[in-house]
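*Asks:* Based on what follows, work out the 3D shape:
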Amino acid sequence: MQTKSAMIRRRIESLLKKYSIADDTITTDLYSLFSELLRENTQSGESTWNHPAIRAVKEICRENVPSGIIPAVIAAIGGNPDIDKLKACYLEWHSRGKARGGWGWVLEWYATGIPERYRVADKATRSLPFDV
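*Replies:* A predicted model of the protein is given here:
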């Protein structure tokens, strides 16, 4: 069984061969670049979990952020989270009976604000496109 490094190098060589490029220097440079990028991604894993946005969300809801939405959470909250605003979104989300596993309180409400509650009394005051 070949190592991951050997597999990557062979795939780079194969790709270059496909385009009739047979230069060991290019192969080595591409392999070095790819390895460097791979190391950066691996190293950023821990820093991602320690990002202020992820730590703030975990502190408020007492659960881990699903890995699939981490980039979206970081983008929505940024590096300097407003803890009071985040708590307000979380509490309002749950007071409205929203799904426990839902992340709209972070991904939508934190950025755009908590939407007004829809009340039954408002229904009577709204104009309808037909007569009742």
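
*Asks:* who's in contact with the spatially closest residue to Gly79 that is not a sequence neighbour?
*Replies:* Closest residue in space to Gly79, ignoring its immediate chain neighbours: Pro52 at 5.5 Å, by Cβ to Cβ, 6 or more residues apart in numbering. (Each C-beta comes from the backbone N, C-alpha and C, glycine too.) Taking Cβ atoms under 8 Å, 6 or more residues apart in numbering, we find Pro52 in contact with Ile77, Gly79, Asn80, Pro81.

*Asks:* Contact partners for the second one?
*Replies:* Gly79 sits next to His51, Pro52, Ala53 when contact means Cβ under 8 Å, 6+ apart.

*Asks:* Among those, name the ones in helices.
*Replies:* Within the contacts of Gly79, residues falling in helices by DSSP state H are Pro52, Ala53.

*Asks:* OK, contacts around the residue nearest to the spatial centre of the chain?
*Replies:* With distances taken as Cα atoms, centre = their mean, the residue of the chain nearest its centroid is Pro71 (2.2 Å). Applying Cβ under 8 Å, 6+ apart to Pro71 gives no contacts.

*Asks:* how does the protein divide up, domain by domain?
*Replies:* 4-48, 51-112 (automatic domain parsing).

*Asks:* For the shortest one, measure first residue to last.
*Replies:* Terminal residues of domain 4-48 are spaced 24 Å apart (Cα to Cα, to the nearest Å).

*Asks:* Kindly report the same for stretch 58-69.
*Replies:* Using Cα to Cα, the end-to-end distance of stretch 58-69 comes to 13 Å.

*Asks:* List the buried residues of that stretch.
*Replies:* Ile60, Cys61, Val65 (16 or more other Cβ atoms under 10 Å).

*Asks:* and of those residues, the nearest to Lys18?
*Replies:* Val65 (40.2 Å; Cβ to Cβ).
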